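1. Model the following, please.
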Amino acid sequence: MCIYVIFVINLIPQFAIINFIGGPMLIKDSSDWFKNEEFWKLYEPLMFDPDRMADTGLEVDGIIALADLHPNQNILDACCGSARHSVEFAKKGFNVTGVDITEAYLKEARENIKNAGVNVDLVKDDVRKFKKPSSYDFAMNYYTSFGYFDDPEDDLTFCKNICDSLKKGGSFLIDTIGKETVALHFK
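-> Residues are numbered from 1 along each chain as shown. Alright, predicted model coming up:
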């Protein structure tokens, strides 16, 4: 098994004040902040801006080259969000399962999958609980969806579940973003 890690850093504070056009939002309970549907609805325009969406095909092509993937392989997109990568992989002939805990994103993912005319198996679950032993050739956790949990043991559980879900010789890609990059977008 090979794990590819692209710059990992945990940036989550004990609480966060998020200031959006609609006003500030205080999230006091950091243990469950990532389950807050309202947060994700407000944060969506920052995460999925048009430039980022336009780069999805290039990102998927780069991932395919990096991990030496081939059509008909099974891919797990952990924390898939609106399924932008899942859809691109499916268009290229991969069998894709997308897992996310945020219903609003899964609803959008279903619409994106339908509009693209592809098949993606969507699962609503917490990545600390999702496991499908020896099922995937490749798993990915793309765009800042790693390191959300207060307890590092939860991050480890997540990684173990992913690794247990990989077939022998499978690969796992983790992509995160550093505080310096995030700061550029919050001027």
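2. Only C-alpha atoms from now on, for both contacts and neighbour counts.
-> Noted.
3. now the helices for the chain?
-> Assigned by DSSP state H, the chain shows helices spanning 37-47, 50-54, 56-67, 84-91, 103-116, 152-165, 179-185.
4. Select the longest strand from the chain.
-> Ranked by residue count under DSSP state E, the longest strand found in the chain is strand 166-175.
5. Packing partners of that one?
-> Helices and strands touching strand 166-175, by 3 or more C-alpha pairs under 8 Å, 6 or more residues apart in numbering; DSSP states H and E, are strand 2-6, strand 136-141.
6. Name the strands paired with that strand and say parallel or antiparallel.
-> strand 2-6 (parallel), strand 136-141 (parallel) (DSSP bridges).
7. where does this protein have low pLDDT?
-> Applying pLDDT under 70 to the chain flags residues 1-53, 143-148, 177-187.
8. rerun at 90
-> 1-56, 58-59, 66, 81, 102, 104-105, 142-156, 158-159, 169, 172-187 (pLDDT under 90).
9. Which residue comes closest to residue 79 once chain neighbours are left out?
-> residue 100 (4.5 Å; C-alpha to C-alpha, 6 or more residues apart in numbering).
10. I'd assumed residue 124 was in contact with the one you found.
-> Yes - shown here, residue 100 and residue 124 form a contact pair, counting by C-alpha atoms under 8 Å, at 5.3 Å.
11. Settle it for me: which of those two has more neighbours?
-> More crowded of residue 100 and residue 124, by other C-alpha atoms under 10 Å: residue 100, with 23 against 14.
12. buried sites along stretch 95-111?
-> 95-103, 105-106, 109-110 (16 or more other C-alpha atoms under 10 Å).
13. distance between the ends of that stretch?
-> One end of stretch 95-111 sits 18 Å from the other (C-alpha to C-alpha, to the nearest Å).
14. Number of residues surrounding residue 59?
-> 16.
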